[in-house]
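A.B. asks: Coordinates for the following, if possible.
(2 chains)
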Amino acid sequence: MQFFWEPLSYEFFRHGLIAAVLVGALCGLVGVHVVLRGMSYVGHGLSHAAFGGAVIGFVFNFNFYIGAGAMGLFAALMINQLTKNRKIKSDAAIGIVTTAVFALGVAVISQQRNLNKSLEAALFGNILGITDGDLIIIGLVAAVTLFVMFLSYRPLLFATFDEEAAQIFGIRTGALQLLFALLLTLSVIVAMNIVGVTMIAAALIMPAMTARMLTDRFSMMQLYSVLIGVTIGAGGMFLSYFFNVASGATIVLFGALIFCFSVLARHIREKILLQANFHRHGNLIHSHPLDHESHSHDHSESINKEDTR
Amino acid sequence: MNPAIQLIDVTTSYENNVVFTRLSLQIEPGRFVGIVGPTGCGKTTLLKTILGVQTVFCGQVLMNGQPVDRVQSKKIGYIPQLESVDWNFPVTVEDVIMMGLYTGRRFLPWQSKEERERVEDLAGKLGIYNCLRQHISHTSGGQRQRAFLARALISNPSLLVLDEPTSGVDIKTQHEVLHLLGDINSQGMTVILTTHDLNAVASHLPWVICFNNGIVAEGRPRDIFTNDILTKTYGSDIIIIEHGDYQLIANSTPLKFNYDL
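C.D. replies: Model (predicted):
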């Protein structure tokens, strides 16, 4: 047990652990909508745009969060605007806008060679360099996102499921989309310090996809996704310490492992359920849940797995 | 009494192409109206115009005498084409019905006791009470259609709009859905739907609009389902067979093969 608690005696590890847990919860919360809206690529794109902004911020002596936030938000609004044109699909808009801003950052780096080292952290994550100020910002973003998503749970769910119908039913889907883009941008920026630009998409998608494998209910998916995000963040940090591997990469690899288990668990569960539910009535062999409108029968009388082989 | 829906000289477009110009249309309250026409003729654009979500370049769209964009949205119930629904989305039948109440003032994510009772009551009336807790993909075509109907009806709208409710379902479900809509209409609700199924319209609906980038004709199916009007609507030769009280509509040029079967 002593061995397990040892890393907690270091302040840098405690800071990193708190940051990883908060960012895990945040990515889990936001990631559900990202996955269900088919926007998995957007986290990856936004982090690249934010990186471009961070570089420009360094050059002009802005705070990291201001540079990254402004460019990330600009990219999100541009993507939103471009996708209104039906000829430009969202993946193309994300590719164009975010890569252009990222390239701007790379161009600036090539001119200012002394920046390479300081921006390496943004590219690959620097969880062990988390400061008190970083923790406050991550905590604030997490609290605001949780509060806003709690209050907009109903309209967000409706708009994510069926945007057109939501609009017709009176939900202001345009405003909602902008609000979500803002929350997503903020989440991506604070997550950049933990897992880095290169791995942010995984941090956003994996908790939500793992949760999707475990439940068919949106409310439970949201809850599981947050819990899985926290588990991945905390577990990844400890594994990173014990195996002496980069923390961002360990968090993502641990998340991928949990996702693989969830896929396997779903597969086994479906197989067991299918076998348990197979039964026959005369010549009719079928399994539940299937259409039962066309016939009715007493389930207690003739479930016979032998017959179904 | 004001018309349920009134379009006055309306011009609108889709992706920079004008769909219809200076269209005028009036639907009286309590009517059950079907809009038929070929693919791409502007039926869905017309529905969106009626629903107030289509940009209108000129003219006016009124609902009960008021501009439709100022009408409280919950007075309109809408059912999309089921083919456009993501059936893998993690929602149960109950969740789908609850969405009809998401435009209300309640902010808390979970449902209130009153909301739950309303959902259960309506689900019972529509015969889907037993599948309320089922994932939406685990239900039959008829149950899905009823779930979306319940979502549209739960806020007691005065107008129900359906985009192709008869597509993608078998003939029995189609018959059930149209009868269910007939029952709802008989309680005073105005119902407007689009469909490709002329035979279903001929046998179930009291009023039809033949549409092709404008109104070709409107009236009772028996009066307007003529060879002349349908050929004009579809641009293809269509024959009508009278069978007792029924009309059967068919394409007059069947496919011919060069080999014996």
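A.B. asks: which parts of the lengthiest helix in chain A are buried?
C.D. replies: Scanning chain A for the longest helix, with DSSP state H as the assignment, gives helix A:247-277. By neighbour count on 16 or more other CB atoms under 10 Å in any protein chain shown, the buried set for helix A:247-277 is A:247-255, A:258-259, A:262, A:277. Where you see a C-beta, it was placed from the backbone N, CA and C, and this is true even at glycine.
A.B. asks: what's the answer for stretch B:5-25, then?
C.D. replies: Neighbour-count burial for stretch B:5-25 [16+ other CB under 10 Å]: B:5-7, B:10, B:12-14, B:19-20, B:23, B:25.
A.B. asks: Are we agreed that residue B:78 is in a strand?
C.D. replies: Yes. Assessed with DSSP: H, G, I helix; E, B strand; the rest coil, residue B:78 lies in a strand.
A.B. asks: Can you get me a residue count around the closest residue to it other than its chain neighbours?
C.D. replies: Distances taken as CB to CB, 6 or more residues apart in numbering or on different chains place residue A:168 nearest to residue B:78, at 4.5 Å, with adjacent residues excluded. Using other CB atoms under 10 Å in any protein chain shown, residue A:168 has 23 neighbouring residues.
A.B. asks: which stretches of the stretch 51-200 of chain B aren't confidently modelled?
C.D. replies: The model of the stretch 51-200 of chain B has pLDDT under 70 over residues B:70-74.
A.B. asks: re the thing from before, how close does the residue nearest to residue B:78 get to residue B:87?
C.D. replies: 20 Å (CB to CB, to the nearest Å).
A.B. asks: How about residue A:63?
C.D. replies: As judged by CB to CB, residue A:63 and residue B:87 stand 46 Å apart.
A.B. asks: Can I take it that residue B:193 is in a helix?
C.D. replies: No. Counting by three-state DSSP, residue B:193 is not found in a helix; it is strand.
A.B. asks: Count the neighbours of it for me.
C.D. replies: 24.
A.B. asks: Could you find the closest non-adjacent residue to it?
C.D. replies: Spatial nearest neighbour of residue B:193, chain neighbours left out: residue B:162 (4.1 Å); criterion: CB to CB, 6+ apart.
A.B. asks: coming back round to it: quick one: which two of the buried residues of helix A:247-277 are the most distant?
C.D. replies: Pairwise distances across the buried residues of helix A:247-277 peak at 44.3 Å for A:247 and A:277 (criterion: CB to CB).
A.B. asks: so residue A:8 touches residue A:14, yeah?
C.D. replies: Yes. Residue A:8 is in contact with residue A:14 according to CB atoms under 8 Å; the separation is 6.0 Å.
A.B. asks: more crowded one of these two?
C.D. replies: residue A:14 (15 against 12).
A.B. asks: Strands of chain B, start to end?
C.D. replies: Using DSSP state E, the strands of chain B run over residues B:5-14, B:17-27, B:32-36, B:56-63, B:66-67, B:76-79, B:159-163, B:190-195, B:207-211, B:215-219, B:238-243, B:246-251.
A.B. asks: In this model residue B:189 seems to touch the residue nearest to residue B:193, though I could be wrong.
C.D. replies: No. If you go by CB under 8 Å, residue B:162 and residue B:189 don't touch, sitting 11.8 Å apart.
A.B. asks: Between these two, which has more neighbouring residues?
C.D. replies: Using other CB under 10 Å, the more surrounded residue of residue B:162 and residue B:189 is residue B:162, with 24 against 21.
A.B. asks: Which elements pack onto the longest helix of chain A?
C.D. replies: If contacts are counted by 3 or more CB pairs under 8 Å, 6 or more residues apart in numbering or on different chains; DSSP states H and E, helix A:247-277 sits against helix A:11-36, helix A:173-195, helix A:200-214, helix A:218-243.
A.B. asks: Residue A:96 is nearest to which of the ones you listed?
C.D. replies: Using CB to CB, these put helix A:173-195 closest to residue A:96, at 16.4 Å.
A.B. asks: residues of that closest one that come out buried?
C.D. replies: By neighbour count, and taking 16+ other CB under 10 Å as the criterion, the buried residues in helix A:173-195 are A:173, A:176-177, A:179-195.
A.B. asks: Please report the distance of the residue sitting nearest the centre point of chain A from chain B.
C.D. replies: What sits nearest the mean C-alpha location of chain A, by CA atoms, centre = their mean, is residue A:204, with 1.8 Å. Separation of residue A:204 from chain B (CB to the nearest CB, to the nearest Å): 17 Å.
A.B. asks: What sits closest to that residue if chain neighbours are left out?
C.D. replies: According to CB to CB, 6+ apart, the nearest residue to residue A:204 is residue A:43 (3.9 Å).
A.B. asks: In contact with the one you found, which residues?
C.D. replies: The contact partners of residue A:43, taken as CB atoms under 8 Å, 6 or more residues apart in numbering or on different chains, are A:31, A:34, A:184, A:188, A:200-201, A:203-205.
A.B. asks: can we see that at 10 Å?
C.D. replies: By CB atoms under 10 Å, 6 or more residues apart in numbering or on different chains, residue A:43 lies in contact with A:27, A:30-31, A:34-35, A:94, A:184-185, A:187-188, A:191, A:200-205.
A.B. asks: ditto for residue B:219
C.D. replies: Applying CB under 10 Å, 6+ apart to residue B:219 gives the contacts B:206-210, B:225, B:229.
A.B. asks: helix, strand or coil for the residue in the stretch 101-250 of chain A positioned nearest to chain B?
C.D. replies: Residue nearest to chain B within the stretch 101-250 of chain A (CB to the nearest CB): residue A:170, separated by 2.9 Å. On the three-state scheme (three-state DSSP), residue A:170 is labelled coil.
A.B. asks: Which phi and psi values does it adopt?
C.D. replies: Note on residue A:170: its backbone torsions stand at phi 110, psi 10 [degrees, to the nearest 10].
A.B. asks: Count the residues that sit near it.
C.D. replies: With other CB under 10 Å as criterion, residue A:170 counts 19.
A.B. asks: wait, it sits on residue B:157?
C.D. replies: No. Between residue A:170 and residue B:157 there is no contact under CB atoms under 10 Å: 11.0 Å.
A.B. asks: returning to what we had before: need the residues touching each of residue B:162 and residue B:189.
C.D. replies: Both residue B:162 and residue B:189 are contacted by B:77, B:181, under the criterion CB under 10 Å, 6+ apart.
A.B. asks: show me what contacts the residue nearest to residue B:58 when sequence neighbours are not counted?
C.D. replies: Sequence neighbours aside, residue B:11 is the residue nearest to residue B:58 in space, at 5.0 Å (criterion: CB to CB, 6+ apart). By CB under 10 Å, 6+ apart, the contact list for residue B:11 reads B:18-23, B:56-59.
A.B. asks: How much space separates residue B:11 from residue A:82?
C.D. replies: Noted for residue B:11: a distance of 27 Å to residue A:82, by CB to CB.
A.B. asks: Then residue B:103?
C.D. replies: Residue B:103 sits 29 Å away from residue A:82, taking CB to CB as the criterion.
A.B. asks: now swap in residue A:54 and tell me
C.D. replies: Distance from residue A:54 to residue A:82, counting by CB to CB: 23 Å.
A.B. asks: who's more crowded, the two?
C.D. replies: residue A:54 (30 against 17).
A.B. asks: thinking that one is in contact with residue A:188, fair?
C.D. replies: No. With contacts counted by CB under 10 Å, residue A:54 stays clear of residue A:188, the gap being 11.6 Å.
A.B. asks: so what sits against both of the two?
C.D. replies: Residues touching both residue A:54 and residue A:188 (CB under 10 Å, 6+ apart): A:68-69, A:72, A:197.
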